[in-house]
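*Asks:* My questions concern the predicted model and sequence given below.
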Amino acid sequence: MIRVGLIGYGNMGRSHGQLLLKHEDVKLLAVADAREERRAMAASELGVQKTYADGADMITEGDFDVVFVCAPTYLHKPFAIQALEKGCHVFCEKPMSLNVDCCREMAEAAEKSGKNFMIGQVLRFWDEYVYLKKAIDEKMFGELRALSMTRIGGVSVGYEGWFLDEERGGMQIFDRHIHDTDAILWMLGTPKAVLSHGVSYDNRTQGGIFHNFTQYLYDGNIIVSAEGSADTPQGFPFTASYRAFFENGLLEFNSRNKPALLVYKGGAPEEVDLSSSLAELKSGLNITTAGPYFNEQAYFFDCIRKGVKPTTVTAATAMETIRVVKAEIESVRSGKAVAL
Ligand SMILES: NC(=O)c1ccc[n+]([C@@H]2O[C@H](COP(=O)([O-])OP(=O)(O)OC[C@H]3O[C@@H](n4cnc5c(N)ncnc54)[C@H](O)[C@@H]3O)[C@@H](O)[C@H]2O)c1
């Protein structure tokens, strides 16, 4: 049995907590959350015996194989390092940390501990993005010529407004749009530069970037862009999408559509069979219906069972994603392309 402690029972911790109950050999022993009402919710929804008001106390007092860090981003580094030093494997939500230096400290702690350390860059476990990467790698429709990605929705505020505060890790460009940046690096590698434009209309954020358009500049005949926004009005559904233009076809994904992914090759659009994209994962659930957050957990636990390090997301790739998003923020503020 893999014994788990979970820190942070906010939006993301709640999702992870409920999915943790679905693995056959995983036992969720404790949850830590700063808010009494969230601790009570965790106890009643998950049936955990033990709750803590602070993640640090949970790590000190508990006896876990794995710690899940789903606290706000400014707490990722201290909790992840404390848990690694205690000898636990760590799953930590994205963004890895507030800046590259903090990420490096976390990576070094993971290396020193010998334990597995994985960041929740979930698009790497999301069927439609896994399929896009495969289409690019295997040139299923010829060479990729152009890629545009979108991740847009309403504003997140979070515990004590941390999402809106640059010092604590908020701002949509750093927190939401980072998913598309990470997917682009995963599929295409680091670009030679980024050129990003962004705006904010929310005076709570003192200039925090609410909406951005980024171009990722690569050598060769390929154009790549992504739009991220936390500026949609209430009632507009959260939307993740991409369009990938290949020599011999176009792949279009839109999370609001059914089917969400279609391929256009000249005739009528065709549905894509996604059933095998993550089939190798052992999970106890039907992986195609389990969803990307379950898939990433299943992969993380699979690596622990097999005694191998995760390779789909590593500390180095997660840190590189932070470096590139930071360059995008710098580009928004300077109005210039930033070389990488
Ligand atoms: N992968 C994804 O798609 C995705 C989506 C949303 C959020 N996230 C990430 O998940 C993390 C949490 O985001 P969220 O939306 O759940 O935020 P949230 O504000 O809803 O929840 C954070 C929780 O942490 C608790 N907390 C604060 N200080 C604590 C402490 N010292 N000890 C224990 N608990 C403490 C708060 O009470 C709160 O319940 C962030 O890093 C965020 O970027 C990832």
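*Replies:* Done, it's in.
*Asks:* what's the burial count for the residue in the stretch 151-300 of the chain positioned nearest to the ligand?
*Replies:* The nearest approach of the stretch 151-300 of the chain to the ligand comes at residue 158, 3.0 Å away (Cβ to the nearest ligand atom). Placement of C-beta: from N, CA and C, glycine included. Look at residue 158: counted by other Cβ atoms under 10 Å, it has 19 neighbours.
*Asks:* Tell me the residues of the protein that contact the ligand?
*Replies:* Proximity of the chain to the ligand is confined to 7-13, 32-35, 38, 54-55, 70-73, 75, 93-94, 120, 122, 158-159, 175 under the rule Cβ under 6 Å from any ligand atom.
*Asks:* show me what contacts residue 51?
*Replies:* Counting by Cβ atoms under 8 Å, 6 or more residues apart in numbering, residue 51 touches 30-33, 39, 42-43.
*Asks:* redo that, cut-off 7 Å
*Replies:* 30-32, 39, 42-43 (Cβ atoms under 7 Å, 6 or more residues apart in numbering).
*Asks:* Going by neighbour count, which of those residues are buried?
*Replies:* In the contacts of residue 51, burial by neighbour count holds for 30-32, 39, 42, counting by 16 or more other Cβ atoms under 10 Å.
*Asks:* In helices only, show me those.
*Replies:* Among these, the members found in helices (DSSP state H) are 39, 42.
*Asks:* and residue 156, helix, strand or coil?
*Replies:* coil (DSSP: H, G, I helix; E, B strand; the rest coil).
*Asks:* ok, and the closest non-adjacent residue to it?
*Replies:* Counting by Cβ to Cβ, 6 or more residues apart in numbering, residue 163 is the residue found nearest to residue 156 once chain neighbours are left out, at 4.5 Å.
*Asks:* Local confidence estimate at residue 170?
*Replies:* pLDDT for residue 170: 72.
*Asks:* scratch that, residue 91 is what I was asking about
*Replies:* Turning to residue 91, the model gives it a pLDDT of 98.
*Asks:* do you know how far the residue of the chain found nearest the ligand is from residue 157?
*Replies:* Proximity of the chain to the ligand (Cβ to the nearest ligand atom) peaks at residue 10, 1.7 Å away. Noted for residue 10: a distance of 11 Å to residue 157, by Cβ to Cβ, to the nearest Å.
*Asks:* Same drill for these two, tell me which one is more crowded.
*Replies:* Legend: neighbour count by other Cβ under 10 Å for residue 10 and residue 157, higher for residue 10 (18 against 13).
*Asks:* That one touches residue 159, doesn't it?
*Replies:* Yes. Residue 10 lies in contact with residue 159 (Cβ atoms under 7 Å); the separation is 5.8 Å.
*Asks:* that older thread, pull the contacting residues for the residue of the stretch 151-300 of the chain closest to the ligand.
*Replies:* Contacts of residue 158 by Cβ under 7 Å, 6+ apart are 10, 72.
*Asks:* From residue 47, how far out is the residue sitting nearest the centre point of the chain?
*Replies:* In the chain, the centroid-proximal residue (Cα atoms, centre = their mean) is residue 121; its distance is 2.9 Å. Using Cβ to Cβ, residue 121 is found at 29 Å from residue 47.
*Asks:* Give me the average confidence score over stretch 201-219.
*Replies:* Averaged over stretch 201-219, pLDDT sits at 91.
*Asks:* Show me which residues of that stretch are buried.
*Replies:* Buried, per 16+ other Cβ under 10 Å, within stretch 201-219: 202, 205, 208-218.
*Asks:* Stretch 310-317 too?
*Replies:* Applying 16+ other Cβ under 10 Å to stretch 310-317 flags 310, 312-315, 317 as buried.
*Asks:* same deal with stretch 262-272?
*Replies:* Within stretch 262-272, the residues that qualify as buried by neighbour count (16+ other Cβ under 10 Å) are 262-264, 272.
*Asks:* Just the terminal-to-terminal distance for it.
*Replies:* End-to-end distance for stretch 262-272: 6 Å, by Cα to Cα, to the nearest Å.
*Asks:* my read: residue 145 touches residue 246, true?
*Replies:* Yes. If you go by Cβ under 7 Å, residue 145 and residue 246 touch, sitting 6.5 Å apart.
*Asks:* of those two, who's got more company?
*Replies:* Set residue 145 next to residue 246 and count neighbours by other Cβ under 10 Å: residue 246 wins out with 21 against 14.
*Asks:* bridging residues for the more buried one?
*Replies:* Bridge pairing for residue 246 (DSSP bridges) gives the partners residue 144, residue 249.
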